[in-house]
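# Just the structure for this:
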Amino acid sequence: MKLILVAVLLALGYCAAPGPVLVETARRGLSNGFRGALAVELGSLAGDALWVGLMFVGAAALAQAGGVRLAAGAVGGLFLLWLGVRALSSARRKRPPENGSLVVEQAFATGAAMSVASPYALPFWIAVSGSLSGYGVSSAGALGYTVFSAAFMITCLVFALFAAGAISWGRRFLRPRFFFTVDLVGGLLFVVIGLNLLTVTAGHLIG
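Numbering: from 1, shown residues only. Model prediction:
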(Lines give C-alpha, C1' and ligand atoms only; values in the text may rest on other atoms or scores of the structure.)
Protein backbone atom coordinates (compact mmCIF):
# COMPACT_ATOMS: atom_id res chain seq x y z
CA MET A 1 0.00 0.00 0.00
CA LYS A 2 2.87 2.34 0.85
CA LEU A 3 4.40 1.61 -2.55
CA ILE A 4 1.23 2.61 -4.37
CA LEU A 5 0.84 5.78 -2.29
CA VAL A 6 4.39 6.86 -3.08
CA ALA A 7 3.82 6.24 -6.80
CA VAL A 8 0.57 8.22 -6.78
CA LEU A 9 2.10 11.19 -4.96
CA LEU A 10 5.14 11.24 -7.24
CA ALA A 11 2.93 11.05 -10.33
CA LEU A 12 0.71 13.91 -9.16
CA GLY A 13 3.71 16.07 -8.37
CA TYR A 14 5.31 15.27 -11.70
CA CYS A 15 2.18 15.84 -13.82
CA ALA A 16 0.81 18.89 -12.02
CA ALA A 17 4.10 20.78 -11.77
CA PRO A 18 4.01 23.93 -13.93
CA GLY A 19 6.12 23.29 -17.00
CA PRO A 20 6.18 23.07 -20.80
CA VAL A 21 3.87 20.03 -21.04
CA LEU A 22 1.17 21.64 -18.92
CA VAL A 23 1.47 24.90 -20.85
CA GLU A 24 1.17 23.09 -24.18
CA THR A 25 -1.81 21.10 -22.86
CA ALA A 26 -3.57 24.34 -21.97
CA ARG A 27 -2.67 25.96 -25.28
CA ARG A 28 -3.88 23.01 -27.36
CA GLY A 29 -6.96 22.49 -25.23
CA LEU A 30 -8.07 26.10 -25.43
CA SER A 31 -7.58 26.07 -29.20
CA ASN A 32 -8.74 22.54 -30.09
CA GLY A 33 -10.84 21.40 -27.14
CA PHE A 34 -10.76 18.16 -25.17
CA ARG A 35 -9.18 16.01 -27.88
CA GLY A 36 -6.28 18.39 -28.42
CA ALA A 37 -5.48 18.70 -24.72
CA LEU A 38 -5.82 14.96 -24.11
CA ALA A 39 -3.60 14.17 -27.11
CA VAL A 40 -0.75 16.23 -25.62
CA GLU A 41 -1.16 14.53 -22.25
CA LEU A 42 -1.32 11.05 -23.77
CA GLY A 43 1.74 11.80 -25.88
CA SER A 44 3.57 12.90 -22.77
CA LEU A 45 2.39 9.74 -21.05
CA ALA A 46 3.91 7.66 -23.87
CA GLY A 47 7.20 9.45 -23.29
CA ASP A 48 6.94 8.82 -19.56
CA ALA A 49 6.47 5.11 -20.31
CA LEU A 50 9.84 5.15 -22.04
CA TRP A 51 11.49 6.64 -18.96
CA VAL A 52 9.78 4.06 -16.76
CA GLY A 53 11.14 1.34 -19.01
CA LEU A 54 14.65 2.78 -18.71
CA MET A 55 14.26 2.81 -14.95
CA PHE A 56 13.30 -0.87 -15.11
CA VAL A 57 16.55 -1.87 -16.77
CA GLY A 58 18.65 0.45 -14.67
CA ALA A 59 19.54 2.77 -17.54
CA ALA A 60 18.59 5.79 -15.46
CA ALA A 61 21.74 5.30 -13.42
CA LEU A 62 23.83 5.45 -16.60
CA ALA A 63 22.08 8.67 -17.56
CA GLN A 64 24.06 10.47 -14.88
CA ALA A 65 26.85 10.73 -17.45
CA GLY A 66 27.50 14.35 -18.36
CA GLY A 67 27.17 13.72 -22.09
CA VAL A 68 23.58 12.53 -21.74
CA ARG A 69 22.64 15.56 -19.67
CA LEU A 70 24.19 17.92 -22.22
CA ALA A 71 22.40 16.18 -25.09
CA ALA A 72 19.07 16.39 -23.24
CA GLY A 73 19.62 20.08 -22.57
CA ALA A 74 20.50 20.85 -26.20
CA VAL A 75 17.65 18.83 -27.74
CA GLY A 76 15.13 20.03 -25.18
CA GLY A 77 16.16 23.66 -25.59
CA LEU A 78 15.94 23.56 -29.39
CA PHE A 79 12.58 21.79 -29.29
CA LEU A 80 11.14 24.38 -26.88
CA LEU A 81 12.41 27.17 -29.11
CA TRP A 82 10.63 25.54 -32.06
CA LEU A 83 7.40 25.29 -30.08
CA GLY A 84 7.75 28.91 -28.99
CA VAL A 85 8.16 30.15 -32.55
CA ARG A 86 5.11 28.16 -33.65
CA ALA A 87 2.99 29.53 -30.81
CA LEU A 88 4.07 33.12 -31.50
CA SER A 89 3.33 32.60 -35.18
CA SER A 90 -0.18 31.40 -34.29
CA ALA A 91 -0.66 34.44 -32.07
CA ARG A 92 0.48 36.76 -34.87
CA ARG A 93 -1.95 35.21 -37.34
CA LYS A 94 -4.73 35.24 -34.75
CA ARG A 95 -5.87 31.99 -36.30
CA PRO A 96 -9.24 30.48 -35.30
CA PRO A 97 -9.34 27.25 -33.29
CA GLU A 98 -8.69 24.16 -35.41
CA ASN A 99 -10.01 20.64 -35.18
CA GLY A 100 -9.50 17.34 -36.95
CA SER A 101 -7.47 14.17 -36.71
CA LEU A 102 -4.30 15.83 -38.03
CA VAL A 103 -4.35 18.35 -35.20
CA VAL A 104 -4.78 15.55 -32.67
CA GLU A 105 -1.91 13.56 -34.18
CA GLN A 106 0.35 16.62 -34.08
CA ALA A 107 -0.60 17.27 -30.47
CA PHE A 108 0.19 13.67 -29.50
CA ALA A 109 3.56 13.79 -31.26
CA THR A 110 4.36 17.10 -29.58
CA GLY A 111 3.52 15.74 -26.13
CA ALA A 112 5.63 12.64 -26.68
CA ALA A 113 8.59 14.64 -27.96
CA MET A 114 8.37 17.07 -25.05
CA SER A 115 8.37 14.23 -22.55
CA VAL A 116 11.27 12.33 -24.12
CA ALA A 117 13.43 15.37 -24.84
CA SER A 118 12.62 17.24 -21.64
CA PRO A 119 15.79 17.97 -19.64
CA TYR A 120 13.62 18.04 -16.52
CA ALA A 121 12.59 14.40 -16.93
CA LEU A 122 16.14 13.08 -16.74
CA PRO A 123 17.00 14.40 -13.24
CA PHE A 124 13.56 13.37 -12.00
CA TRP A 125 13.89 9.74 -13.09
CA ILE A 126 17.48 9.55 -11.88
CA ALA A 127 16.31 10.70 -8.45
CA VAL A 128 13.37 8.30 -8.48
CA SER A 129 15.50 5.37 -9.59
CA GLY A 130 18.06 6.07 -6.88
CA SER A 131 15.51 6.40 -4.09
CA LEU A 132 13.21 3.47 -4.87
CA SER A 133 15.16 1.14 -2.60
CA GLY A 134 14.19 3.32 0.33
CA TYR A 135 10.54 2.70 -0.41
CA GLY A 136 10.92 -1.06 -0.66
CA VAL A 137 10.64 -1.22 -4.45
CA SER A 138 14.01 -2.78 -5.10
CA SER A 139 13.59 -5.38 -2.36
CA ALA A 140 10.27 -6.42 -3.89
CA GLY A 141 12.00 -7.22 -7.18
CA ALA A 142 10.20 -7.18 -10.50
CA LEU A 143 6.81 -7.20 -8.77
CA GLY A 144 7.70 -4.04 -6.87
CA TYR A 145 8.77 -2.21 -10.01
CA THR A 146 5.63 -3.38 -11.82
CA VAL A 147 3.29 -2.20 -9.06
CA PHE A 148 5.09 1.13 -8.77
CA SER A 149 5.09 1.71 -12.53
CA ALA A 150 1.44 0.73 -12.94
CA ALA A 151 0.31 3.02 -10.12
CA PHE A 152 2.41 5.88 -11.53
CA MET A 153 1.09 5.54 -15.08
CA ILE A 154 -2.55 5.11 -14.03
CA THR A 155 -2.32 8.24 -11.89
CA CYS A 156 -0.84 10.15 -14.84
CA LEU A 157 -3.69 8.92 -17.06
CA VAL A 158 -6.32 10.07 -14.57
CA PHE A 159 -4.63 13.46 -14.32
CA ALA A 160 -4.54 13.69 -18.13
CA LEU A 161 -8.30 13.10 -18.37
CA PHE A 162 -8.98 15.61 -15.59
CA ALA A 163 -6.73 18.31 -17.08
CA ALA A 164 -8.15 17.88 -20.59
CA GLY A 165 -11.71 17.94 -19.29
CA ALA A 166 -11.17 21.02 -17.12
CA ILE A 167 -9.52 22.97 -19.93
CA SER A 168 -12.16 21.94 -22.46
CA TRP A 169 -14.97 22.92 -20.08
CA GLY A 170 -13.42 26.31 -19.32
CA ARG A 171 -12.80 27.21 -22.94
CA ARG A 172 -16.49 27.78 -23.65
CA PHE A 173 -16.48 30.84 -21.37
CA LEU A 174 -13.53 32.54 -23.06
CA ARG A 175 -13.52 35.19 -25.76
CA PRO A 176 -11.43 34.92 -28.96
CA ARG A 177 -8.85 37.44 -27.70
CA PHE A 178 -7.97 35.10 -24.85
CA PHE A 179 -6.74 32.46 -27.31
CA PHE A 180 -4.35 35.04 -28.77
CA THR A 181 -3.08 35.78 -25.25
CA VAL A 182 -2.52 32.08 -24.49
CA ASP A 183 -0.50 31.61 -27.70
CA LEU A 184 1.52 34.76 -26.99
CA VAL A 185 2.29 33.95 -23.36
CA GLY A 186 2.92 30.26 -24.08
CA GLY A 187 5.21 31.10 -26.99
CA LEU A 188 7.24 33.57 -24.95
CA LEU A 189 7.51 31.07 -22.11
CA PHE A 190 8.79 28.34 -24.43
CA VAL A 191 11.34 30.71 -25.97
CA VAL A 192 12.62 31.89 -22.58
CA ILE A 193 12.94 28.36 -21.18
CA GLY A 194 14.51 27.08 -24.40
CA LEU A 195 17.09 29.88 -24.51
CA ASN A 196 17.89 29.35 -20.83
CA LEU A 197 18.47 25.63 -21.38
CA LEU A 198 20.70 26.27 -24.38
CA THR A 199 22.65 28.90 -22.44
CA VAL A 200 23.20 26.58 -19.50
CA THR A 201 24.17 23.71 -21.82
CA ALA A 202 26.63 25.93 -23.73
CA GLY A 203 28.08 27.05 -20.40
CA HIS A 204 28.76 23.45 -19.40
CA LEU A 205 30.39 22.74 -22.75
CA ILE A 206 32.64 25.79 -22.54
CA GLY A 207 33.41 25.20 -18.89
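
# so Leu30 touches Arg171, yeah?
Yes - Leu30 lies in contact with Arg171 (Cβ atoms under 8 Å); the separation is 5.0 Å. (C-beta placed from N, C-alpha, C; glycine too.)

# do you know how far Ala113 is from Ala7?
25 Å (Cβ to Cβ, to the nearest Å).

# For those two, work out which one has more neighbours and name it.
Legend: neighbour count by other Cβ atoms under 10 Å for Ala113 and Ala7, higher for Ala7 (24 against 19).

# I am assuming that one contacts Ala151, so please confirm or correct that.
Yes - contact criterion Cβ under 8 Å: Ala7 and Ala151 qualify, at 3.7 Å.

# any weak-confidence spans in this protein?
Scanning the chain with the threshold set as pLDDT under 70 gives 56-73, 93-102, 119, 122, 126-127, 129-142, 174-179, 204, 207.

# Show me the helices in the protein, by range?
2-16, 20-32, 34-56, 59-62, 66-93, 101-117, 121-131, 141-171, 176-206 (DSSP state H).

# can you give me the angle the last one makes with helix 101-117?
Just to be clear, that refers to helix 176-206. Compare the direction of helix 176-206 with that of helix 101-117 by axes from the mean of the first three to the mean of the last three Cα atoms, to 10 degrees and you get 30 degrees.
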